[in-house]
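**Q** got a structure for you, letters missing:
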């Protein structure tokens, strides 16, 4: 579940198990390359809040990629009659269930950002279910390749090792702040708290195989997506 924290949290540190960027396999043309463990060529997509991940994902889908969105899967699992709701209700009680049977995200947000143990319990229920559904959908995808949108991709060594490429949507922190204030109506302090709880921009870029710069005009996105789309088509065929 993705939600603004009530107060800034420490940034996660890169795991000791993370391979250094220079250790990634290198393709014959000299570019960084990586083969994942799925039957389909799969690109992990992530970025900080307000970076434009959804816009970029939509541009890839328009070119024939299949999108597997971990946030959308989480909403499915915690919707009315969602598969995760019995376990979540058993763990946290009926107070976190909305009238229509879906997860009361506001109530749960309050719990997980004031109680680290509650957050870990929620993640222990949701994360394996999200991953199982995502993996099944990656292997069943009909598109030319798969874009896998994962907000916490950089923090997850397992996901990074399973995917073929890691694509970061990047923009300056000040741009993130301005966009989220306009989009969500949050205060500057609230947005800064969310950013403080995420891995740093530098950590994301250090883990990237590919980067899309979304710090400029909206029309600058499509050419970057098109160039990577052509590259991914080549890699998927290879």
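**A** Everything's here; your move. These numbers were taken from a predicted model, which means no experiment stands behind them.

**Q** For the rest of this, base every contact and every neighbour count on C-alpha atoms.
**A** Noted.

**Q** ok, which stretches of this protein are helices?
**A** 53-62, 70-77, 85-92, 105-114, 116-140, 157-162, 173-184, 188-197, 201-206, 221-237 (DSSP state H).

**Q** Which positions in the longest one come out as buried?
**A** It refers to helix 116-140. Going by neighbour count (16 or more other CA atoms under 10 Å), the buried part of helix 116-140 is 118, 119, 122, 126, 129, 130, 134, 135, 137, 138.

**Q** Now tabulate these in JSON lines and tack on distance to residue 208 and pLDDT.
**A** Shown next, in JSON lines, are the buried residues of helix 116-140 (distance: CA to CA, whole Å; pLDDT from 0 to 100):
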{"residue": "118", "distance to residue 208": "31", "pLDDT": "94"}
{"residue": "119", "distance to residue 208": "27", "pLDDT": "90"}
{"residue": "122", "distance to residue 208": "28", "pLDDT": "96"}
{"residue": "126", "distance to residue 208": "26", "pLDDT": "96"}
{"residue": "129", "distance to residue 208": "26", "pLDDT": "97"}
{"residue": "130", "distance to residue 208": "23", "pLDDT": "96"}
{"residue": "134", "distance to residue 208": "21", "pLDDT": "97"}
{"residue": "135", "distance to residue 208": "21", "pLDDT": "96"}
{"residue": "137", "distance to residue 208": "23", "pLDDT": "97"}
{"residue": "138", "distance to residue 208": "20", "pLDDT": "97"}
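
**Q** picking that back up, right, so of the helices of the chain, which gets closest to residue 42?
**A** Residue 42 lies closest, by CA to CA, to one member of the helices of the chain: helix 116-140, at 7.3 Å.

**Q** Next, the angle from that closest one to helix 85-92.
**A** Per axes from the mean of the first three to the mean of the last three CA atoms, to 10 degrees, the angle that helix 116-140 makes with helix 85-92 is 170 degrees.

**Q** Any stretches of the protein with poor pLDDT?
**A** Low-confidence segments of the chain, defined by pLDDT under 70: 1-35.
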